[in-house]
Each structure stands twice: as structure tokens, then as C-alpha cells.
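Participant: Here is my input; please provide its structure:
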Amino acid sequence: MLKLIINTLLTLTSIAYPIIWLFKGNTDLLFVFPYIMGILWLFKGVTQAVGFQRFFAFFMAILLIIVGLTRSIETMYFYPILISGLMLVIFGGSLFSKQSIIERFARLKTPDLPQVAILYTRKVTQVWCGFFIINIAITLFFIWQKNETLWAIYTGVISYLLMGILMIGEWLIRQKVMRKHNDNH
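Facilitator: As a prediction, this is how the structure comes out:
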């Protein structure tokens, strides 16, 4: 339950930060956010099993607390890139293991996946890797252009909408693939 609360708070603060940046009339709040997020990442690290995710959580906690101490808010531009980078490493890294991350999720519901489903989950994992790469590139472009408004709108709203569209689209395609597979067997 604690992990769920921490992950929910991290998600909400990650979404809220770019929006607050957009309306940065309250710069004090911008300087407090790295501490809040750093503490949440620290708690996440404590609740993770030993491994890459724990290391990354502690890394993020230290980085965000340093950002807070130095009051270098511009560094927070790169927070969405680090998150997308983490997801790319997790999803992409799973392509080099026996089961892709999407296959692992699928096996929670259906332990005995047919070969066609295994191939499908691998393709879905590749699509998500592509999404994270594009997400990083777009965010970097807005940073390079020094366009705070588009950076805030993209990282705080548009990227989450695109994730939702990708999830819904994948679910619809999966239903069609499952029906086709079931009709053939």
C-alpha cells in the first residue's frame, strides 16, 4: 500500500511540476518541488528491492535534493527526460531478456501465453521504446529552443495524453488480435 501511495504521489507531482512551471507566478513553490519530489524518490528507493530501480530512485532523490539546494530550477527541465529514459531502459532492457516487460504484465493475467501472444507483447514493448525515444527527443527540442511554455504543455499534458492514446490503442488492437487468434483455433 505504501508503494502505491508513493507512486501515486510521484505521478501527481511529475504531472503538476510542468503545469506549475507554466504559471510560475509562485516561484517559491517551484523551489519547494524538488525537495518534495526528492523525498518521494527517497521513500521509493527505500521500498524497492535491491537492483536498478532502487539505484535509480536513490539517484533521483539525491539529484532533486541537490537541485533544491542549489536552487537550479532550470535543471528540472530534464526531469521528464530522466523518467522517460528510465522507462526506456526498463522496457528496452527487457527485450534482451527471455520475457519482455509487456509479456511479464500479460502473464499476470494469462500465465500460459501462446507463441503469437509472446511475439505480440514483444512488438508492443518495442512500440513503447519508440514512444519513449520520441518523448525524449521532443522534450530535448523544447529545452534546446528554450521554449518553457511548450515544454510545460508537452511534458505536463500532451505526453500524458499520448501515453493514454497509446494504451487505449494497444488495448483495442489486442482485442482484435485475440479475436482473430481465437477464431483460427
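Participant: Could I get the average pLDDT for the longest helix anywhere in the chain?
Facilitator: Identified as the longest helix of the chain according to DSSP state H is helix 115-144. For helix 115-144, mean pLDDT is 96.
Participant: following it, which helix or strand comes up?
Facilitator: Sequence order places helix 148-153 as the next helix or strand after helix 115-144, per DSSP states H and E.
Participant: Which elements pack onto that following helix?
Facilitator: For helix 148-153, the contact count by 3 or more C-beta pairs under 8 Å, 6 or more residues apart in numbering; DSSP states H and E identifies helix 2-22, helix 115-144 as packing neighbours. To be clear about C-beta, it is placed using only N, CA and C from the backbone, and glycine gets the same treatment.
Participant: Report how many residues lie close to the nearest residue to residue 30 once chain neighbours are set aside.
Facilitator: Of all residues not flanking residue 30 in the chain, residue 73 sits nearest, at 5.3 Å (C-beta to C-beta, 6 or more residues apart in numbering). The number of residues packed near residue 73 is 17, by other C-beta atoms under 10 Å.
Participant: Enumerate every residue touching residue 13.
Facilitator: Remark: with contacts taken as C-beta atoms under 8 Å, 6 or more residues apart in numbering, residue 13 is in contact with 33, 36-37, 40.
Participant: again, only this time at 10 Å
Facilitator: 20, 33, 36-37, 40-41, 79 (C-beta atoms under 10 Å, 6 or more residues apart in numbering).
Participant: Next: residue 69.
Facilitator: Each residue near residue 69 by C-beta under 10 Å, 6+ apart is listed here: 34-35, 38.
Participant: Same check on residue 83?
Facilitator: 10-11, 14, 56, 60, 132, 135-136, 139, 155, 159.
Participant: Just give me the closest of the residues you listed to residue 174.
Facilitator: Each of the contacts of residue 83 was scored against residue 174 by C-beta to C-beta, and residue 132 proved nearest at 19.7 Å.
Participant: Isn't that closest one up against residue 82?
Facilitator: No - taking contacts as C-beta atoms under 10 Å, residue 132 lies outside contact range of residue 82: 11.5 Å.
Participant: Would you tell me what helix or strand the closest residue to residue 20 other than its chain neighbours is located in?
Facilitator: Closest residue to residue 20 apart from its sequence neighbours, by C-beta to C-beta, 6+ apart: residue 29 at 5.9 Å. Element membership of residue 29, judged by DSSP H and E, is helix 27-47.
Participant: Let me have that helix in PDB, keeping just the CA atoms, if that works.
Facilitator: The C-alpha trace of helix 27-47 is given here as PDB (Å, rounded to 0.1, in the frame of the first residue of the first chain):
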ATOM      1  CA  THR A  27       8.500  30.800  -7.800                       C
ATOM      2  CA  ASP A  28       8.700  29.700  -4.100                       C
ATOM      3  CA  LEU A  29       6.600  26.700  -5.000                       C
ATOM      4  CA  LEU A  30       9.000  25.900  -7.800                       C
ATOM      5  CA  PHE A  31      11.900  25.800  -5.400                       C
ATOM      6  CA  VAL A  32      10.000  23.500  -2.900                       C
ATOM      7  CA  PHE A  33       9.000  21.000  -5.600                       C
ATOM      8  CA  PRO A  34      12.500  19.400  -6.000                       C
ATOM      9  CA  TYR A  35      12.600  18.700  -2.200                       C
ATOM     10  CA  ILE A  36       9.100  17.200  -2.200                       C
ATOM     11  CA  MET A  37      10.000  15.000  -5.300                       C
ATOM     12  CA  GLY A  38      13.400  14.200  -3.800                       C
ATOM     13  CA  ILE A  39      11.800  12.900  -0.600                       C
ATOM     14  CA  LEU A  40       9.300  10.900  -2.500                       C
ATOM     15  CA  TRP A  41      12.000   9.300  -4.600                       C
ATOM     16  CA  LEU A  42      13.900   8.600  -1.400                       C
ATOM     17  CA  PHE A  43      10.900   6.700   0.000                       C
ATOM     18  CA  LYS A  44      10.500   4.900  -3.300                       C
ATOM     19  CA  GLY A  45      14.100   3.800  -3.000                       C
ATOM     20  CA  VAL A  46      13.700   2.500   0.500                       C
ATOM     21  CA  THR A  47      10.600   0.400  -0.600                       C
END
